[in-house]
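>>> output the structure for:
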Amino acid sequence: MFDSERISQRLQSLNELYNDAFADNLELAELYSKIAVIELGGWSEEVRDYLSLLLFNKIYCDSSNEYYSKMFERPVSGFDYKKHFRNRVFEKMIGVHGADEIERCIDTGVLEQFRGALGQLWEMRNKCAHQTLENTMGSQQAPSMTISQFAKIRRGFEEFEKAIDSLERVVIRL
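Predicted coordinates for the structure are as follows:
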């Protein structure tokens with residue numbers, strides 16, 4: 001099980017700091033917004049990596065870290081659903097059909113909200129990570145919006161974890 005409590009608390013703290021700073025120091029408030037987005041993005045990548053290892057261990061009998069490392073020689077950097085999650089993790093391990101099967105285990109509404117929230121977060125994260133505060137002033141989302149995205153992303157990750165756990169063990173010997 002992945003930990004979502006610490007990131008939840010951190011996002012709540014950043015939201016409080018943002019609200020406290022908003023009236024007096026807009027630049028500081030914007031900085032809290034950027035930090036919230038970057039933190040949620042980092043957490044999303046960590047959970048994606050945890051789920052990929054969970055899936056790998058469900059499939060491969062000889063689940064040595066060496067083979068896992070070879071499979072992911074180029075680390076997956078990013079959390080766009082289709083590009084980084086489905087294509088570079090699920091399809092790489094279990095193919096298109098396997099990825100479709102996992103998605104079928106997840107409520108369509110939850111999956112669509114998950115995809116949408118990850119997509120929005122990915123766009124905002126890129127803006128935060130690749131532009132200075134001066135160039136993003138006024139275009140940042142408040143931490144409360146990031147918290148809303150977090151709820152959808154966490155729910156999606158929870159559903160993926162359940163779907164992976166429910167898979168029959170398929171043993172592939174390397």
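>>> what about the closest residue to L167 other than its chain neighbours, neighbour count?
The shortest distance from L167 to any non-neighbouring residue, by CB to CB, 6 or more residues apart in numbering, is to K58 (5.5 Å). Any C-beta I mention is one placed from the backbone N, CA and C, and that applies to glycine too. Neighbourhood size, K58 [other CB atoms under 10 Å]: 18.
>>> measure K58 to L31 for me?
41 Å (CB to CB, to the nearest Å).
>>> F56 now?
37 Å.
>>> for W122, same thing?
20 Å.
>>> one more: L54?
Relative to L31, and taking CB to CB, L54 is found at 35 Å.
>>> swap in M124?
Taken as CB to CB, the span from M124 to L31 is 14 Å.
>>> settle it for me: which of the two has more neighbours?
M124 (24 against 18).
>>> just the pLDDT at the more buried one, thanks.
Note on M124: pLDDT of 92.
>>> can you check S139 too?
74.
>>> buried stuff in stretch 104-115?
106, 111, 113-115 (16 or more other CB atoms under 10 Å).
>>> same thing with stretch 44-55?
Applying 16+ other CB under 10 Å to stretch 44-55 flags 44-45, 47-48, 51-52, 54-55 as buried.
>>> between those, which sits nearest S4?
Set against S4, the nearest of those by CB to CB is V47 (8.1 Å).
>>> isn't the closest one up against R6?
No - counting by CB atoms under 8 Å, V47 stays clear of R6, with 12.0 Å between them.
>>> common neighbours of these two, please.
Here V47 and R6 have no joint contacts, going by CB atoms under 8 Å, 6 or more residues apart in numbering.
>>> quick revisit: in helices only, show me the buried residues of stretch 44-55.
Among those, DSSP state H puts 44-45, 47-48, 51-52, 54-55 in helices.
>>> let me have those residues in JSON lines, extended by distance to D100.
Formatted as JSON lines, these follow (distance: CB to CB, whole Å):
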{"residue": "S44", "distance to D100": "22"}
{"residue": "E45", "distance to D100": "23"}
{"residue": "V47", "distance to D100": "21"}
{"residue": "R48", "distance to D100": "18"}
{"residue": "L51", "distance to D100": "17"}
{"residue": "S52", "distance to D100": "17"}
{"residue": "L54", "distance to D100": "19"}
{"residue": "L55", "distance to D100": "14"}
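>>> the spatially most distant residue from the centre of the chain and P143, how far apart?
No residue in the chain sits farther from the centre than D24, which is 32.5 Å out by CA atoms, centre = their mean. D24 sits 17 Å away from P143, going by CB to CB.
>>> same deal with Q9?
Counting by CB to CB, the gap from Q9 to P143 is 12 Å.
>>> just say helix, strand or coil for F2.
coil (DSSP: H, G, I helix; E, B strand; the rest coil).
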